[in-house]
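Enquirer: could you work out the structure for the sequence below:
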Amino acid sequence: MKKLTIMSIALLIFAGTLELPKVGLQLSAIGQIETPQPIPTPQPIQTPQPLQTPQPIPTPQPIPTPQPQTPQPQTPQPIQAPQPIQTPQPIQTPQPKANDPTKLGYVSPEFAENFSQQQIDQINANVEMLLLTQSCSRCDLRAVKLVNINLKNPILTGADLSDANLSGSRFEISDFVNTNLARTNLSGAELVGARISNANLRKANLTKTNLDGADLRFSDLRDANLSDANLRNANIDGASIDRASMAGTTMPDGRKNQ
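Expert: Here you go, the predicted model:
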């Protein structure tokens, strides 16, 4: 009996021990007081924007009344009569002008247009006199063509032989003092011992011309072509030879240019 009583008391103590945690938990829950949340600060009330004044409605413009257009009467154009077909004109053969030279004689054709027929007739008459008498001082012999002729001791002092063609001709002991020989073709001519002082030989063609012993003092040989010419023993004192072509020319001292 005494043992049962002791066991009962032990069970009660054990049961009480199990209930104590629950009681502690309840007391702990009762002891915790919720912290109050702060009250939010109220936002300031926004001031309302003033209402915009409405724009006045534009007054509509009146529609213009269309003006009636009176149709303009058109005058009918007259019908054009067809043009007659033109008959083609025959090709006209160019006729020579009244003053165009037709009888050239000794004058080179390429220079004929520079002269009147009267001038050409005079030049031809001068050539005839030169061939007959071997002399024609101060004669007009411009643009004459006297190729491969042979004149002995001709006297042509002061004559005008510009643009003449005397190529291949032979002039023995000739006199060309103060003669105009500008642009004259004397290529291959024989002028041995010729007197050609104070002559105008500008742009003259003296290619392969034999001027052995010629007197060329104070002559104008500017721009002349003296290629392969023979000037051996020639007197060229005071002569102008600026821009003259002298390739292969035999100089007065016998020296040959390269």
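
Enquirer: give me the below-cutoff pLDDT ranges for the stretch 1-150 of the chain.
Expert: Within the stretch 1-150 of the chain, the segments meeting pLDDT under 70 span 1-60, 62-76, 78-79, 81-82, 84, 87-102.

Enquirer: what's around the nearest residue to G238 once chain neighbours are set aside, how many residues?
Expert: Distance criterion Cβ to Cβ, 6 or more residues apart in numbering; nearest residue to G238, sequence neighbours excluded, is F218 at 4.2 Å. C-beta: built from backbone N, CA, C; applies to glycine. The tally of other residues near F218 (other Cβ atoms under 10 Å) stands at 13.

Enquirer: just say helix, strand or coil for F218.
Expert: coil (DSSP: H, G, I helix; E, B strand; the rest coil).

Enquirer: tell me the pLDDT at it?
Expert: For F218, the pLDDT comes out at 98.

Enquirer: same deal with N225?
Expert: 98.

Enquirer: quick check: bridge partners of it?
Expert: Note on N225: beta-bridge partners by DSSP bridges are N205, S245.

Enquirer: surely it meets L206?
Expert: Yes: the pair N225 / L206 is scored as a contact, 6.1 Å apart, by Cβ atoms under 8 Å.

Enquirer: neighbour-wise, which of those two wins?
Expert: Per other Cβ under 10 Å, whichever of N225 and L206 has more neighbours is L206, with 29 against 22.

Enquirer: and the closest residue to K256 other than its chain neighbours, how many neighbours?
Expert: Leaving aside its sequence neighbours, K256 sits nearest to T250 (Cβ to Cβ, 6+ apart; 5.1 Å). Counted with other Cβ under 10 Å, residues neighbouring T250 total 21.

Enquirer: ranges for the helices of the chain?
Expert: 2-31, 117-133 (DSSP state H).

Enquirer: contact partners of the shortest one?
Expert: Right, helix 117-133. 99-107, 112, 115, 135-136, 139-144, 146, 149, 151, 154, 156 (Cβ atoms under 8 Å, 6 or more residues apart in numbering).

Enquirer: buried among these? Make that a ChimeraX selection.
Expert: Of those, the buried ones can be selected in ChimeraX as follows, counting by 16 or more other Cβ atoms under 10 Å:
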select :101,104,106,107,112,115,135,136,139,140,141,142,143,144,146,149,151,154,156
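
Enquirer: please narrow the contacts of helix 117-133 to those residing in strands.
Expert: Residues of those located in strands (DSSP state E): L151.

Enquirer: what's the spacing between the residue lying closest to R202 once chain neighbours are set aside and L191?
Expert: Nearest non-adjacent residue to R202, counting by Cβ to Cβ, 6+ apart: A182, 4.9 Å away. A182 sits 16 Å away from L191, going by Cβ to Cβ, to the nearest Å.

Enquirer: ok, now G158?
Expert: G158 is 17 Å from L191, by Cβ to Cβ.

Enquirer: the two - which one has more neighbours?
Expert: L191 (27 against 17).

Enquirer: OK, contacts around the more buried one?
Expert: 171, 174, 209-211, 214.

Enquirer: next: G105.
Expert: 120-121, 123-124, 127.

Enquirer: so which of those residues comes closest to R195?
Expert: Using Cβ to Cβ, V127 comes nearest to R195 of these, at 21.2 Å.

Enquirer: that closest one: neighbour count?
Expert: 21.

Enquirer: same check on the one 4 residues further on?
Expert: Applying the criterion other Cβ under 10 Å, we find 14 residues in the vicinity of L131.

Enquirer: R243 too?
Expert: R243 has 11 nearby residues by other Cβ under 10 Å.

Enquirer: against Q258, how distant is it?
Expert: Counting by Cβ to Cβ - R243 and Q258 are separated by 18 Å.

Enquirer: next: L226.
Expert: Taken as Cβ to Cβ, the span from L226 to Q258 is 14 Å.
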